[in-house]
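In: when you get a sec, could you give me coordinates for this:
(4 chains)
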Number of protein chains: 2
Amino acid sequence: MSIDERKLEVLRAIVEDYVLTHEPVGSKALAERHALGVSPATVRNDMAVLEEEGYIAQPHTSAGRIPTDKGYRLFVDRLSQVKPLSSPERRAIQTFLDGAIDLDDVVRRTVRLLAQLTQQVAVVQYPSLSRSAVRHLELVPLTVNRLLLVVITDTGRVEQRVVELPMPVAEEQVAELHTILNAGLAGRRLIEAPAQVETLPDAVSRELRPVMVSLGAVLLETLIERPEERVMLAGTANLGRSAMDFPGSIYPVLEALEEQVVLLKLIGEVESPSTLRVRIGEENTVEGLRSTSVVTVGYGAGERALAGLGVLGPTRMDYPGTMSAVRAVARYVGELLARQ
Amino acid sequence: MSIDERKLEVLRAIVEDYVLTHEPVGSKALAERHALGVSPATVRNDMAVLEEEGYIAQPHTSAGRIPTDKGYRLFVDRLSQVKPLSSPERRAIQTFLDGAIDLDDVVRRTVRLLAQLTQQVAVVQYPSLSRSAVRHLELVPLTVNRLLLVVITDTGRVEQRVVELPMPVAEEQVAELHTILNAGLAGRRLIEAPAQVETLPDAVSRELRPVMVSLGAVLLETLIERPEERVMLAGTANLGRSAMDFPGSIYPVLEALEEQVVLLKLIGEVESPSTLRVRIGEENTVEGLRSTSVVTVGYGAGERALAGLGVLGPTRMDYPGTMSAVRAVARYVGELLARQ
DNA sequence: GCTTGGCACTCGAACCTGACGAGTGCCAGG
DNA sequence: CCTGGCACTCGTCAGGTTCGAGTGCCAAGC
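Out: I've put the predicted structure just below:
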């Protein structure tokens, strides 16, 4: 690393000031506001080097400097210290989340909380179906040859599908199917279900085999092969607050946020609940989000990530604050889900 | 009404031109583009009268006129003719909605469709719980003293609550509760359920009464007294397109749209599926939506409105087009729900 | 060799100005 | 009651000027 201590200090000062004021920061103001112990002229020299190396840039010749994506990256990687949440904040998270009555409510509260804490756009993915375990399967006869298949997971998620049966079934037969299904699948992860599903038809009485086959097919197709991953969004209005930070308009950002696929791509690629992931500006693969930064993390019980959550805002965001808020919320939601 | 034929014609022309161009329209352009059969000077006189009566206004002295809310109101009430949808549009609605696999999917497709057809923000309310009928109730034992109560309505909506029981119950007892619940409630509207719920404890064996009481309490409280009305939103990005139409910014609009309560207020007050409701600008009671117009209608099977749907956009919107799109979609969704 | 103060230079923001033209209101004549 | 004509208003736009923040560079100092 060719950058010595003071230059890093200068970069940190630039990032901090710029995040605070939204204005390009000049050498003089910088030397004054931060106890750098050197004169503006010296700062200018450092800035020239930083610019040459691509960490900062000038919007126009006679203006101060602003950090580049590369600058923010360095800041996040080496300069920012985790800002611990204030205890009122911690308490707010607890009391706000503890009131949730079901999974939907947990997700809704979480996403609002995140949006409010960070004053940015928050995204929370529902606990992923494929990574959850089946708690219970229920069959509800709708007509003689239509069943509603209800799957309840250990995270509290409830999914239902209508299944068209190849033949009419009586009530006792439904009971039989019900028993076999639960015996075979309850407690299993959905992701390890396919093998199990194959064996199910053999376990039921001969005439019910085709019915069990249809049920298995629906299970496989809609719950495992293309499980419906859902996300919830909040705080879009916060984009307005920082509208001037987006070149052009917030329009492409709003557009990207409307696409479920995009959102999933954004927070779906999480690994463990302990590692925060920060994508800054151009690092985002999604066209339209190139002017934003995204902070995501997995959440779930223990080390296994059930799903992701995160926050999206202008590249000029308060990274330390956002990162600790995201981490704290994820941790707490994980505990909450493990508890029930 | 002190306004004669030609003045109305002039007003219509102004509205139509302004909606098309987004620019104040002057007397000359107006006389040219529309076959009014009179000279610009005459149009000017008419415009002066229209302005005096509050139907149009001038942004500044040397500019053309734009319609006021009152002007749009007159236009909607007396001047616009329903613009029938093109047959490709009709077909698009059909094919797009027919692919839906469950209620969630119906709502999601509907809201997207509306947003795309109108190029505005679309809002769709889920079929209201209290106005739906119970198709089936299911009880899933979680632990010995916790049950999951699942309610399936005739519109395909599935709601679930965890119920803490005052005592542990065995499997046969759950079966009994299940039978009694379904016997008493299946087929009833949720809104007429309270009376029925009261009688349920008497129908079960003595020792199960307290359990049935808890179940009844949960049913009443969470499903009937404060039923969770849900809405889905799409097309927020379309606000960007007409950002310049909003004085100040779209920020307050976005903010209002984040509030479920506001959205419900917006589309919840619908009566019959046949009557469109148009609220223009200042007619909106919601602060923040004073610069928008809202077109809503009820939808449902037959004459009974199950819930509402609608569209929100700048006051300068294509009212005839929007109105017919909203009406057509509502009609089709109603049919779809009745069919299943 | 790094730091510092001085100084000339650049360039965007803000302000002013005048020309232009769209659009109006009014009036007299048909 | 409609019409053409005409004076008037006022926002927009282009061009020009000033102002000042901030820079880069250089020579002197520690």
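In: got a list of what A:Gly156 touches?
Out: A:Asp102, A:Leu103, A:Val106, A:Pro127, A:Leu337, A:Gln340 (Cβ atoms under 8 Å, 6 or more residues apart in numbering or on different chains). Yep, even glycine has a C-beta here, placed from its N, CA and C like the rest.
In: recalculate using a threshold of 10 Å.
Out: Neighbour list for A:Gly156: A:100, A:102-107, A:126-127, A:132, A:135, A:337, A:340, B:142, B:148, B:160, B:162 [criterion: Cβ atoms under 10 Å, 6 or more residues apart in numbering or on different chains].
In: and A:Val151, backbone torsions?
Out: The phi/psi pair for A:Val151 (degrees, to the nearest 10) reads phi -110, psi 130.
In: neighbours of it, how many?
Out: A:Val151 sits with 22 neighbouring residues when counted by other Cβ atoms under 10 Å in any protein chain shown.
In: neighbours of the residue of chain A found nearest DNA strand D, how many?
Out: Across chain A, no residue is closer to DNA strand D than A:Gly26, which sits at 2.9 Å (Cβ to the nearest atom of the strand). When neighbours are counted by other Cβ under 10 Å, A:Gly26 registers 19.
In: next one: the spatially closest residue to it that is not a sequence neighbour from A:Ile14, what distance?
Out: In this structure, A:Gly26 finds its nearest non-sequential neighbour in A:Gly64, 3.8 Å apart by Cβ to Cβ, 6 or more residues apart in numbering or on different chains. A:Gly64 sits 8 Å away from A:Ile14, going by Cβ to Cβ, to the nearest Å.
In: which ones are touching the residue nearest to A:Gly26?
Out: A:14, A:17-18, A:21, A:23-30, A:47, A:56, A:58.
In: let's see it at 6 Å
Out: A:Gly64 is in contact with A:Pro24, A:Val25, A:Gly26, counting by Cβ atoms under 6 Å, 6 or more residues apart in numbering or on different chains.
In: pop out the phi and psi values for it.
Out: Dihedral angles (degrees, to the nearest 10) for A:Gly64: phi -70, psi -170.
In: roughly how far apart are it and chain B?
Out: 26 Å (Cβ to the nearest Cβ, to the nearest Å).
In: likewise for A:Leu114?
Out: In this view, A:Leu114 and chain B are 13 Å apart by Cβ to the nearest Cβ.
In: repeat that for A:Tyr72.
Out: 25 Å.
In: returning to that earlier point: between the contacts of A:Gly64, which is nearest A:Pro166?
Out: Distance to A:Pro166 across the contacts of A:Gly64 (Cβ to Cβ) is lowest for A:Pro24, with 69.6 Å.
In: so the closest one makes contact with A:Ala63?
Out: Yes. When contacts are counted by Cβ atoms under 6 Å, A:Pro24 is listed as touching A:Ala63 (4.6 Å).
In: look at the two and report which has more neighbours.
Out: A:Pro24 (18 against 12).
In: grab the nearest non-local neighbour of A:Glu89.
Out: Leaving aside its sequence neighbours, A:Glu89 sits nearest to A:Leu117 (Cβ to Cβ, 6+ apart; 7.0 Å).
In: give me the number of residues near the one you found?
Out: A:Leu117 has 23 neighbours, counted by other Cβ under 10 Å.
In: now the one 3 residues further on
Out: By the other Cβ under 10 Å criterion, the neighbourhood of A:Gln120 contains 29 residues.
In: which residues touch it?
Out: A:Asn238, A:Val311, A:Gly313.
In: now the contacts of A:Gly64 in JSON lines, with distance to B:Leu190?
Out: JSON lines is the format used below for the contacts of A:Gly64 (distance: Cβ to Cβ, whole Å):
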{"residue": "A:Pro24", "distance to B:Leu190": "60"}
{"residue": "A:Val25", "distance to B:Leu190": "60"}
{"residue": "A:Gly26", "distance to B:Leu190": "65"}
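In: just those now: which is nearest A:Arg226?
Out: Looking across the contacts of A:Gly64 and measuring by Cβ to Cβ, the closest to A:Arg226 is A:Pro24, at 47.7 Å.
In: of the contacts of A:Gly64, which belong to helices?
Out: Taking DSSP state H, every one of these sits outside helices.
In: closest one of those to DNA strand C?
Out: Nearest to DNA strand C among these: A:Pro24, at 10.2 Å, using Cβ to the nearest atom of the strand.
In: for the closest one, what are its contacts?
Out: By Cβ under 6 Å, 6+ apart, the residues touching A:Pro24 are A:Pro59, A:Ala63, A:Gly64, A:Ile66.
In: that one and B:Asn145, how far apart?
Out: A:Pro24 is 63 Å from B:Asn145, by Cβ to Cβ.
In: do the same with A:Arg304
Out: 28 Å.
In: OK, contacts around A:Thr322?
Out: A:Thr118, A:Val295, A:Val311.
In: mind checking which of these are in strands?
Out: Judged by DSSP state E, the subset of the contacts of A:Thr322 located in strands is A:Val295, A:Val311.
In: neighbour-wise, which of the contacts of A:Thr322 leads?
Out: A:Val311 (29 neighbours).
In: what's the burial count for A:Thr95?
Out: 9.
In: same question, A:Arg279
Out: Using other Cβ under 10 Å, A:Arg279 has 20 neighbouring residues.
In: for it, which non-adjacent residue is closest in space?
Out: Nearest residue to A:Arg279, sequence neighbours excluded (Cβ to Cβ, 6+ apart): A:Val294, at 4.7 Å.
In: just grab the bridge partners of that neighbour for me.
Out: Beta-bridge pairing of A:Val294 under DSSP bridges involves A:Arg279, A:Leu312.
In: pLDDT score for it?
Out: The model reports A:Val294 with a pLDDT of 96.
In: how many neighbours does A:Glu53 have?
Out: 16.
In: could you do A:Val49 as well?
Out: Using other Cβ under 10 Å, A:Val49 has 15 neighbouring residues.
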